[in-house]
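A.B. asks: would you be able to build a 3D model of this:
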Amino acid sequence: MATGSKEPAVALSGPSGSVERAKPVAVIDIGTSAIRMAVAEILPDGNIRRLETLTQDVNLGQDTFIRGTIQKTTIEQCVRILKSYRQLLDEYQITQSDQIRVVATSAVREATNKMAFLDRIYIATGLLVEPTDEAEVSRINYLGIQPYLRQDERLQNATAIVIEVGGGSTEVLVVHDDNVIFSQTYRLGSLRLRETLEAYRAPAAQLRRIMDNHIRRTVDEIVAGIGSRENPEMIALGGDIRFAAGQLIQDWDRSALGRVKLSALEGFVDGVLEMTEDELVHRYRITFPEADTLGPSLLAYMRLAQALELSRIYVSNVTFRDGLLMEMVASHRWTEEFTKPVIQSALEMARKYHVDETHARHVAELAKTLFHELQNEHQLDARYELILYVAALLHEVGTFVNSVSHHKHALYLITHSEIFGLRAEDLTLVGLVARYHRRASPKASHELYATLDREHRIAVAKMAALLRVADALDRSRSRRIQQLHCTRESERLVIAIPNVEDLSLEQLALKEKGSLFEEIFGVPVLLRGATR
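C.D. replies: The predicted structure is shown next:
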């Protein structure tokens, strides 16, 4: 079933930055049960005006979550849909790669024939599809919800627990004062749950109890992960909860957050779960795929609100496409506005593993200073500056496991954790830089390092060399080195340290750690302190 609408009057507040003139753009979201497209203009003031939205149903989630692979018929159905979208984009004169972004979520990401699917789409349509991982989805959702959090006075001092129950997974963000203090993805999805229940041959009442038990187990896990938070408020995202809010809130102004009493939601959920799919379609004029996921999704939102002991939930009209459009406004991902919540999330992980936070923060700042001072030497971009900073914050997390070989334990913990905004490949780089902050230099035989391409191998080696120097400069853990300046003198690099005379401890540490820097950059490092 295909649906579409034109939205000439809707404007979204984009991130800081502007463009010279209105620029037509489009984003396409290949989800578990539908392919959705939003066409918009980026206005000169940086705001976004949506022009048109389209939705067409697909069976991707059913294929992946039951069979593990996307069937050929489903692939060709996606090709037909995306070809029709491409024709519309040609009419809007949206033809350049920087005007179009196409992403796919869990149903494509988890399919065993993911690469064949992506290649078929590209060959047939010329569209390059990006399979987004959990961290990318969380980051984009954050971009979409952030303006709503800032404009609502009641939420500015609250701890916002942002929940989206999707078809394949549930995304959880905890935000306070513009900082992401928790981010996690759980394998609880409305369509995944519905397909799991298909395996049970039981009466409807028993199926509801089974579904409820599945949801409660994940809800308990989510609540334990969130922990106790001061002044919590729940903000719900997603089409199913928007539909429920539309039924429960009279004259809802969708440019603002809606408020739904939990008691009203409980009554609505009970009514939905008592109806068959045919009855839901007939009563609410929704599609069969929407009716299929409505009950499980709303039950999950309800159980989360109950577990958090809330009397109401906020509902946002923001969509994943809104976040994608806002991202297109910014010139690049690695802005200060983006890096702030990433660093906060890394600090939360450091605290979880009882890292010496004072030392970790200081080493991270020293590494950042070295990164800027030696820009001409390493020639790495802003993405790597953030990766180096996060690696410095987390270089000692492995001591939580054991102080012996803690650099190797750090690699494991980092690559098996979620840090808001960092994709799996970013976490691999962070983990490897932390792994090489001591002991052996990177080798082709080392775990994960051998899987990197040349660009990333070189980047890891450069960042690890900088981290070793930064770590050596705080060997005393006293933060006494606050400033430094780097210069090339003949065949050596001199790091001048003002206001510190005796650098014997740091010189000794650098003798132990500086060999990697000389190996990578071809020059030894000399520290020069203040003269009397």
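A.B. asks: phi, psi for Arg383 please.
C.D. replies: Torsion angles at Arg383 (phi, psi; degrees, to the nearest 10) stand at phi -60, psi -40.
A.B. asks: and it, how far from Met326?
C.D. replies: 19 Å (C-beta to C-beta, to the nearest Å). (C-beta placed from N, C-alpha, C; glycine too.)
A.B. asks: out of those two, which sits in the busier spot?
C.D. replies: The neighbour comparison of Arg383 against Met326 (other C-beta atoms under 10 Å) goes to Met326, with 25 against 15.
A.B. asks: go through this structure and flag its longest helix.
C.D. replies: In the chain, with assignment by DSSP state H, the single longest helix is helix 204-226.
A.B. asks: what's in contact with the helix or strand following that helix?
C.D. replies: Sequence order places strand 232-237 as the next helix or strand after helix 204-226, per DSSP states H and E. Outside strand 232-237, the residues that touch it by C-beta atoms under 8 Å, 6 or more residues apart in numbering are 141, 144-145, 148-149, 154-155, 158-164, 171, 257, 301, 304-305, 308, 310, 313-316, 318-319.
A.B. asks: before we move on, what about stretch 449-458?
C.D. replies: Under C-beta under 8 Å, 6+ apart, the answer for stretch 449-458 is 428-429, 432, 442-444, 460.
A.B. asks: still on that earlier bit, so for the longest helix of the chain, mean pLDDT?
C.D. replies: Helix 204-226 shows a mean pLDDT of 89.
A.B. asks: stretch 251-262 too?
C.D. replies: Averaging pLDDT along stretch 251-262 yields 91.
A.B. asks: what about it, how long is it end to end?
C.D. replies: Taking C-alpha to C-alpha, to the nearest Å, stretch 251-262 runs 19 Å from one end to the other.
A.B. asks: can you give me the helices in the stretch 401-532 of the chain?
C.D. replies: 406-415, 424-435, 454-473, 504-513, 515-521 (DSSP state H, counting those that start in this stretch).
A.B. asks: show me what contacts the nearest residue to Ala367 once chain neighbours are set aside?
C.D. replies: In this structure, Ala367 finds its nearest non-sequential neighbour in Ala470, 3.9 Å apart by C-beta to C-beta, 6 or more residues apart in numbering. Contacts for Ala470 (C-beta under 8 Å, 6+ apart) come out as 363-364, 366-367, 370, 392.
A.B. asks: 7 Å instead?
C.D. replies: Each residue near Ala470 by C-beta atoms under 7 Å, 6 or more residues apart in numbering is listed here: 363, 366-367, 370, 392.
A.B. asks: can you lay out these as CSV showing secondary structure, pLDDT and distance to Ile215?
C.D. replies: Formatted as CSV, these follow (DSSP: H, G, I helix; E, B strand; the rest coil; pLDDT from 0 to 100; distance: C-beta to C-beta, whole Å):
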residue, secondary structure, pLDDT, distance to Ile215
Val363, helix, 97, 43
Leu366, helix, 97, 47
Ala367, helix, 97, 43
Leu370, helix, 97, 49
Ala392, helix, 97, 40
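A.B. asks: top of the residues you listed by number of neighbours, please.
C.D. replies: Within the contacts of Ala470, most neighbours by other C-beta under 10 Å means Ala392, with 30 neighbours.
A.B. asks: from Lys443, how far off is that one?
C.D. replies: Remark: distance between Ala392 and Lys443 (C-beta to C-beta) = 22 Å.
A.B. asks: again with Ala104
C.D. replies: According to C-beta to C-beta, Ala104 and Lys443 sit 35 Å apart.
A.B. asks: again, but for Glu336
C.D. replies: On the measure of C-beta to C-beta, Glu336 and Lys443 end up 35 Å apart.
A.B. asks: swap in Ser297?
C.D. replies: Distance from Ser297 to Lys443, by C-beta to C-beta: 48 Å.
A.B. asks: now do Ser417
C.D. replies: Ser417 is 24 Å from Lys443, by C-beta to C-beta.
A.B. asks: of those two, who's got more company?
C.D. replies: Set Ser417 next to Lys443 and count neighbours by other C-beta under 10 Å: Ser417 wins out with 19 against 9.
A.B. asks: so what's the predicted local confidence for that one?
C.D. replies: The per-residue pLDDT reported for Ser417 equals 90.
A.B. asks: hmm, Ile387 and Thr339 touching each other?
C.D. replies: No. Contact criterion C-beta atoms under 7 Å: Thr339 and Ile387 do not qualify, at 10.5 Å.
A.B. asks: most neighbours, which of the contacts of stretch 449-458?
C.D. replies: Counting by other C-beta under 10 Å, top hit in these: Leu432 with 28 neighbours.
A.B. asks: ok, and what's touching the helix or strand hosting Thr369?
C.D. replies: Following DSSP H and E, the helix or strand that holds Thr369 is helix 357-373. For helix 357-373, the surrounding residues in contact (C-beta under 7 Å, 6+ apart) are 350-351, 385, 388-389, 392-393, 395-396, 466-467, 469-471, 473-474, 477, 479, 481, 484-486.
A.B. asks: quick check on those residues: which are buried?
C.D. replies: 350, 385, 388-389, 392-393, 395-396, 466-467, 469-471, 473-474, 481, 484, 486 (16 or more other C-beta atoms under 10 Å).
A.B. asks: which residues touch stretch 322-342?
C.D. replies: With C-beta under 7 Å, 6+ apart as the criterion, stretch 322-342 contacts 12, 14-17, 25, 27, 38, 40, 42, 46, 48, 101, 103, 140-144, 179-180, 382-383, 386, 390, 419-422.
A.B. asks: contact partners for Ile497?
C.D. replies: If you count contacts by C-beta under 7 Å, 6+ apart, then Ile497 has 481, 484, 503, 527-529 around it.
A.B. asks: in strands only, show me those.
C.D. replies: Secondary structure from DSSP state E places 527-528 of the contacts of Ile497 in strands.
A.B. asks: which pair of the contacts of Ile497 spans the longest distance?
C.D. replies: Using C-beta to C-beta, the contacts of Ile497 span at most 12.1 Å, a distance reached by Ile481 and Arg528.
A.B. asks: mind saving the C-alpha coords of the helix holding Thr369 as CSV?
C.D. replies: Provided in CSV are the C-alpha atoms of helix 357-373 (Å, rounded to 0.1, in the frame of the first residue of the first chain):
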residue,chain,number,x,y,z
GLU,A,357,38.6,10.1,35.8
THR,A,358,40.9,13.0,36.8
HIS,A,359,43.9,11.3,35.0
ALA,A,360,41.7,10.2,32.1
ARG,A,361,40.4,13.7,31.4
HIS,A,362,43.8,15.3,31.7
VAL,A,363,45.4,12.7,29.3
ALA,A,364,42.6,13.4,26.9
GLU,A,365,43.2,17.1,27.0
LEU,A,366,46.9,16.6,26.5
ALA,A,367,46.2,14.3,23.6
LYS,A,368,43.9,16.9,22.1
THR,A,369,46.6,19.6,22.4
LEU,A,370,49.2,17.3,20.8
PHE,A,371,46.7,16.6,18.0
HIS,A,372,46.4,20.3,17.2
GLU,A,373,50.1,21.1,17.7
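A.B. asks: ok, the residue minimising distance to the centre of the chain - contacts?
C.D. replies: When C-alpha atoms, centre = their mean is applied to the chain, the residue found nearest the centroid is Ala135 (2.6 Å). Contact analysis of Ala135 by C-beta under 7 Å, 6+ apart lists 418, 420-423.
A.B. asks: buried subset of those residues?
C.D. replies: The buried subset of the contacts of Ala135 - by 16+ other C-beta under 10 Å - is 418, 420-422.
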